[in-house]
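Participant: sequence first, then the predicted structure, then my questions.
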Amino acid sequence: MSDAAVDSIEARTPHLKSRESLQEWLERIPEPYANAIQAAVSGLPFSGPLEGFFCVRGYDRAGRSLSGSLKYDDAQTIGETEADLVAGKAPAAAGEELLSPEDCARVARDRHESAEHRADALREWMQIDQKAASAFVVDELSRVDLPSDWRNTLVFVAEDACFPISEVQQQVCDALRRIARELRTSPQPGIDRVVWSALRRLASLIEPRWVDQLRDFLDPHGYVDTRLLALQSVVHVFERRPPETAGPFRELADRTFDIAKKLLDPDVFASGETSAIARHAVLVLCVLADNRASECVQLAEALGRRWLIRKLREQLQEIQDTWAGENGPVKDHPSYRLVQKVLNDLK
Amino acid sequence: MLTSGPFTQATPFREYSVVGEYAETGLRSFVRHVAILKNGQPLVGPARVEVYHMGPPIVAGDKSAAAVSFDQRSCRADVVADIALDAEEREAIEDWLAEVEKQDRSGVEAFQQYVVMPHLEWVRSAETGRRIRQRFSCAGFVIECYGAAEIVLIDTKAELPEVDEELLAFAYPDLAKLERADERIRTRYGFKGREDLGLHGQGPWRVVLAGYLFHSLKRATADNPRPAPYVPQSASEGRFSG
């Protein structure tokens, strides 16, 4: 584990009412962060191996919220932090060491709270009462007027939520699909991982019969390239059992074939995202029982990359083993037969 | 070529070399973190270099690197192993990195990307059982990265040496920090306790220590550039001095 893993630790608490309680709080923060924050707040130089950013939040005796950040670079910069603390409005309730589920729910629902506070409360709520917090996440995700920070939080939290009812799963899928489609055209830095998270969760919930909806993400449209994740998603949807029928997925297979053929062209092929997209396109064609997979395998072999062939073989073998292990008599399924044929060809 | 620093004169290393960072205090030459060198470069002095790794958070490409601070996308190169990857191996690694980068959740509950043991674990949907994303240890990230190039560094199916509580605490100082931390900090970091990281019971545990990878890589020679998977014999192999 990298020593830098928690160097950017953000220590925050809404329960500080005095410098004395700050001291108590600091005693619970692991060293050397506590030393750095203590030094920052008291204006003393701190000498130690630590570097990083810290957010300090608390309340003074008058109940005003104090928030600020410090970057610990060296003893010269750290002394300025106290001046950075800014007074703000204190929330109505601050006193309990840990928020109750009700408090978490209240803060998470409060649109006047910052997205950061709402996110903290929502994550805490998810740990205390996953069912209620998950229901709230569904309702929020379905709204179209969400502030961007809060929307991003909801997408990430949805990966940790649980949606056991199929109607709710559909609702979550619809919302995540809408958000991913919208955000993939956004030039905002860092938006990629929100789109990726939305697609991962969508793929984990979507009913296999609706998998064609992932075709939207196979077009190189917008700033976020979603092709690799969309193809990975199709493979994950069918990783435990092959599709019941291949017919409805004809357009998905057509687009997948186009991608595979283009990216396996020796003039285009390159290691990295391009090769990973091409490899997954071949896997998707096999899973969808599309015989054009054999043509793509020939293109892959013509590239003369042993690693690519080995990876394809390993992944197809894993898919076939899982299908056989979980579904009993599956050997007559067209997808299983095609996977077997491609494995034979690859050998 | 396997070299431990500090490098008093510029020593060139190729991209995707394996980089190790020693613990600064305590056990001498104990490799606390391991990563993949992002760019080929000559190293001199106690260099801090950009890497691909499981910090946490995961950094496996330009986009995940851009989302984190320099500290989070770099580590100190105290020991470096360059086993002269060929073009096939480098391409396989690039393909793997591209795939893994799609699992990035930078800045969000970092410890939900991390697992101590096993070295790799798939997070699956509670509703459908489908795969969503992977969690790695720092050693697991490197093992799987090289494994994608068919370079099996450690025989993870073999019985690994036992790591006791004292050594575990030394190898993973953040564990103790987070265990003592405020509940909010734990939540923010996605730290749900040791069991969530695969550390069940009172120990000892058969953890893949970062140092084992260098004992494995050291065996690569011109005559035998890709030796068989390594089976560490003792937890003392968490230390490596070149």
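Facilitator: Okay, I see it. Residues are numbered from 1 along each chain as shown, chains lettered A, B, ... in the order given.
Participant: switch to C-alpha atoms for all contacts and neighbour counts from now on
Facilitator: OK.
Participant: so where's chain B shaky on pLDDT?
Facilitator: Counting by pLDDT under 70, chain B has low-confidence residues at B:106-108.
Participant: the helices in it, which residues?
Facilitator: For chain B, applying DSSP state H gives helices covering B:62-66, B:87-101, B:138-147, B:165-171, B:173-180, B:183-188, B:210-217.
Participant: A:Glu244: what's it in contact with?
Facilitator: With contacts defined as C-alpha atoms under 8 Å, 6 or more residues apart in numbering or on different chains, A:Glu244 has no neighbours.
Participant: ok, A:Cys104 touching A:Trp125?
Facilitator: Yes: A:Cys104 is in contact with A:Trp125 according to C-alpha atoms under 8 Å; the separation is 5.3 Å.
Participant: mind checking pLDDT for the closest residue to chain B within chain A?
Facilitator: Closest contact between chain A and chain B, by C-alpha to the nearest C-alpha, is at A:Gly272 (4.1 Å). pLDDT recorded at A:Gly272 is 97.
Participant: for it, which non-adjacent residue is closest in space?
Facilitator: By the measure of C-alpha to C-alpha, 6 or more residues apart in numbering or on different chains, the closest residue to A:Gly272 outside its immediate chain neighbours is B:Asp95, 4.1 Å from it.
Participant: A:Thr256 now?
Facilitator: In space, A:Thr256 is closest to A:Ala281, 5.6 Å off (C-alpha to C-alpha, 6+ apart).
Participant: doesn't the one you found lie inside a helix?
Facilitator: Yes: applying DSSP: H, G, I helix; E, B strand; the rest coil, one finds A:Ala281 inside a helix.
Participant: could you list the contact residues of the stretch 51-200 of chain A toward chain B?
Facilitator: When proximity is defined as C-alpha under 8 Å from any C-alpha of the partner chain, the stretch 51-200 of chain A approaches chain B at A:98, A:120, A:123-124, A:156, A:162-164, A:190, A:192-193, A:196-197, A:200.
Participant: what is the neighbour count of the closest residue to A:Asp129 other than its chain neighbours?
Facilitator: Leaving out its chain neighbours, the residue that sits closest to A:Asp129 by C-alpha to C-alpha, 6+ apart is A:Pro101, at 6.9 Å. A:Pro101 has 19 neighbouring residues, counting by other C-alpha atoms under 10 Å in any protein chain shown.
Participant: about what we covered before: the residue of chain A closest to chain B reaches B:Trp96, doesn't it?
Facilitator: Yes: counting by C-alpha under 8 Å, A:Gly272 sits close enough to B:Trp96 to count as a contact (7.3 Å).
Participant: the two - which one has more neighbours?
Facilitator: B:Trp96 (24 against 19).
Participant: gap between the closest residue in space to A:Leu231 that isn't next to it in sequence and B:Met1?
Facilitator: Nearest non-adjacent residue to A:Leu231, counting by C-alpha to C-alpha, 6+ apart: A:His280, 5.8 Å away. As judged by C-alpha to C-alpha, to the nearest Å, A:His280 and B:Met1 stand 35 Å apart.
Participant: among those two, which residue is more densely surrounded?
Facilitator: Ranked by neighbour count (other C-alpha under 10 Å), A:His280 and B:Met1 place A:His280 first, with 25 against 15.
Participant: B:Pro42: neighbouring residues, count only.
Facilitator: Applying other C-alpha under 10 Å, we find 13 residues neighbouring B:Pro42.
Participant: go ahead and confirm it touches B:Ala10.
Facilitator: Yes: B:Pro42 is within contact range of B:Ala10, at 5.3 Å (criterion: C-alpha under 8 Å).
Participant: mind listing residues that contact stretch A:137-149?
Facilitator: A:115, A:151, A:154-155, A:157-158, A:168, A:171-172, A:175-176.
Participant: name the nearest of these relative to B:Gly129.
Facilitator: Lowest distance from B:Gly129 to the contacts of stretch A:137-149 (C-alpha to C-alpha) belongs to A:Ala158, with 15.6 Å.
Participant: check contacts around that closest one.
Facilitator: Shown in contact with A:Ala158 (C-alpha under 8 Å, 6+ apart): A:134, A:137, A:201.
Participant: look up phi and psi at A:Lys311.
Facilitator: For A:Lys311, the backbone dihedrals (degrees, to the nearest 10) come out as phi -70, psi -40.
Participant: burial count for it?
Facilitator: Other residues near A:Lys311 come to 17 when the count uses other C-alpha under 10 Å.
Participant: which residues sit in contact with it?
Facilitator: Under the criterion of C-alpha under 8 Å, 6+ apart, the neighbours of A:Lys311 are B:Ala148.
Participant: likewise for the one 5 residues further on?
Facilitator: The neighbours of A:Leu316, taking C-alpha under 8 Å, 6+ apart as the test, are A:283, A:339, A:343.
Participant: which residue sits farthest out from the middle of chain B?
Facilitator: The C-alpha centroid of chain B is most remote from B:Glu127, which lies 30.5 Å away (C-alpha atoms, centre = their mean).
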